[in-house]
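K.L.:
Build me a model:
(one chain, ligands or ions: 2)
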Amino acid sequence: MYKGIGASAGIGIGSVIIVKEPSLDYEKKPVTDTAAETARFQSALDECVAKTTAMAEDMKTRVGEKEAEILEGHILLLMDPELTGQIESKIKDEKSCAEAAVEETCDFYAAMFASLDDELFQQRATDVCDIKTRLIKILLGVEDVDLANVPEGTILVAEDLTPSMTAGINPANVVGILTEIGGKTSHSAILARALEIPAVLSIEGIVSKLENGQSVVLDGKTGEVYADPDADVLEEYKAKRAAFLEAKAALKLFVGKPTETADGVKVQLCANIGKAEDATKVIECDGEGIGLFRTEFLFMDRPQVPTEDEQFEAYKKVAQLLEGKPVIIRTLDIGGDKEIPYLGLGKEENPFLGFRAVRLCLQRPDLYRPQLRALLRASAFGDIMIMVPMICCVDEFRQVKALITELMADLDANGIPYNKDIKVGIMVETPAASVMADVFAKEVDFFSIGTNDLTGYTMAADRGNPDVAYLYSTYDPAVLRSIRNVITAANDAGILVGMCGEAAADPLLTPLLISFGLEEFSVSATSILKTRKGISSWTKAEADEVAAKAMAMATEKEIRAYLESIAR
Ligand code: PEP
Ligand code: MG
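P.N.:
Ligands and ions are numbered 1, 2, ... in the order given. Next comes the predicted model:
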């Protein structure tokens, strides 16, 4: 058995085709006619841009807009004047042949990106290598590997599958992908998931361990791969595949259905996003709104604060994509484990108990005012609600409200439209806010329970510390009582109460949340249908019975064991 990273769920059963890139050797000799060599490079560049544009178009129609963006990123790189300028200077000044100029320049940028300790830049390094290979292939007149016409039941095995190779795959024929490099978030993994092809990545030396035509089974979730499976393993994987496909088909039945319990109690099922573009996926997965837009991601992966206009465009885009469905946008939640280097915030002894989220925003109107103003302006384009994170006391919320009122007056004075009835709510993720939920419920328009932080703060346990990890559990009766208290307070006051922490997608907790009276569940886009199915499997009366039993228990262990024993 080989083991790698399960990067795209599903079971693949088929025969190996090893994908080997053709040799890209060339003779490195100085050129005499640099003008002709520059023209040769230019023509290869034009051809590469044209091919990539065609691939991106094809990807957009066959797979999706989000996946096509990866190739559109390649086009931007190909047209980057800094990159092409450097290649042309190498040809002109150093008399390099076009192949060497492309190789050396791209290697320089790839090494620079790869040296930065950031997943996004690591990916950029792979992208640069991908366009390098394609440019050199065009210069040498080498044909691309044709993955569109492999036989049915093929398992592709390669050192790496670049986005341009993956783009050519026909998912009707390819039943699995195995590679030596890449991880869950690499572009090849994203594309494999979009094409719904099971994939296991990062299996050491797999290209030399397998042969063309060899029989292989793989599990794209666990990362397990068997070559030449015996009859028992083959039967086991056939059964696994049937179960996987059945579960997938069963989930599809929930597309377009209301989210309700078996006896018709309706709740709202929204999704969490980190970037405006993620909203497309939410719509594809039939989400009923956005329950949490983590805006801090707009501030990361860049050298400076996004302007009010840039933020306005991002918020407006989500509001428009959601066409009037609710969009809860959380104001900047940095500090703790979310760092933004250019803000120069300095190290703290206890970052999770320190200067983070609303605490920081209230001290930094230069950051907060443009964000709130952008949110208000975007509220003219959809049902945007503003959510304030890490609230501990009523004073903090009142200060935010005062700032919003001031900004509204300014927008009025300038004749800029916004939703005058915009709802402003809070994340309940600190024990202080939970204990005071009945008081907060009179002040705020809605609650969203952030169980990720609420669990940590309630149990005073850092999730990252293995010595205290046993305490970090949402099944702990203390955390469950806290959640119930918040929901009851909201229900009593008649304000909306949702949950956007991970617990909202935990099927073991579904009956408890239904029984407590949770009105909105906000989960990752990929969990939407599973959560809808989970909710539909309980009646309110059954959920109440489960809740009554669980809430009478004294320990996390008992509750967890009980919930596992009755899981649906
Ligand atoms: C939470 O704390 O539950 C939450 C949703 O916020 P984040 O995970 O972004 O801290
Ligand atoms: Mg939080």
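K.L.:
Ligand 2 contacts on the stretch 301-450 of the chain?
P.N.:
429, 450 (C-beta under 5 Å from the ion). Bear in mind the C-beta positions are built from the backbone N, C-alpha and C, glycine included.
K.L.:
in the protein, which helix has the most residues?
P.N.:
helix 34-62 (DSSP state H).
K.L.:
how about the residues of this structure near ligand 1?
P.N.:
292, 294, 333, 429, 450-453, 500-501 (C-beta under 6 Å from any ligand atom).
K.L.:
which phi and psi does residue 4 have?
P.N.:
phi -140, psi -160 (degrees, to the nearest 10).
K.L.:
burial count for it?
P.N.:
Residue 4 has 24 neighbouring residues, counting by other C-beta atoms under 10 Å.
K.L.:
quick one: contacts of stretch 438-449?
P.N.:
291-292, 328, 385, 387, 391, 394, 397-398, 423-429, 433, 437, 483, 486-487, 489-490, 492-493, 495-501, 503, 518, 520, 522 (C-beta atoms under 8 Å, 6 or more residues apart in numbering).
K.L.:
for the single nearest residue of the stretch 301-450 of the chain relative to ligand 1, phi and psi?
P.N.:
Residue nearest to ligand 1 within the stretch 301-450 of the chain: residue 450 (2.9 Å; C-beta to the nearest ligand atom). The phi/psi pair for residue 450 (degrees, to the nearest 10) reads phi -100, psi 90.
K.L.:
when you give positions from now on, start the count at 47
P.N.:
With the count now opening at 47, the last piece we talked about shows up as residue 496.
K.L.:
hang on, the earlier thing: among the contacts of stretch 484-495, which are in helices?
P.N.:
Using DSSP H, the contacts of stretch 484-495 in helices are 440, 443-444, 479, 483, 529, 532-533, 535-536, 538-539.
K.L.:
Now do the residue of the stretch 347-496 of the chain closest to ligand 1 against residue 341, distance only.
P.N.:
Counting by C-beta to C-beta, to the nearest Å, the separation of residue 496 from residue 341 is 14 Å.
K.L.:
And residue 173, by the same measure?
P.N.:
Counting by C-beta to C-beta - residue 173 and residue 341 are separated by 26 Å.
K.L.:
Show me which of those two is the more surrounded one.
P.N.:
residue 341 (26 against 23).
K.L.:
that older thread, of the contacts of stretch 484-495, buried ones?
P.N.:
337-338, 374, 431, 433, 437, 440, 443, 469-475, 479, 483, 529, 532-533, 535-536, 539, 541-547, 549, 564, 566, 568 (16 or more other C-beta atoms under 10 Å).
K.L.:
element containing residue 596?
P.N.:
helix 586-597 (DSSP states H and E).
K.L.:
and the residue of the stretch 297-446 of the chain nearest ligand 1?
P.N.:
Counting by C-beta to the nearest ligand atom, the stretch 297-446 of the chain gets nearest ligand 1 through residue 340, at 5.3 Å.
K.L.:
For that residue, give me its contacts.
P.N.:
318-320, 376, 379.
K.L.:
and it, what are its bridge partners?
P.N.:
Counting by DSSP bridges, residue 340 is bridged to residue 376.
K.L.:
for stretch 394-408, which positions count as buried?
P.N.:
So, applying 16+ other C-beta under 10 Å, buried residues of stretch 394-408: 402-407.
K.L.:
ok now it, how far from the chain's centre?
P.N.:
Taking C-alpha atoms, centre = their mean, to the nearest Å, the mean C-alpha location of stretch 394-408 is offset from the chain mean by 25 Å.
K.L.:
now do stretch 182-197
P.N.:
Centroid separation for stretch 182-197 versus its chain: 31 Å, with C-alpha atoms, centre = their mean.
K.L.:
quick one: average confidence on it?
P.N.:
Per-residue pLDDT values over stretch 182-197 give a mean of 86.
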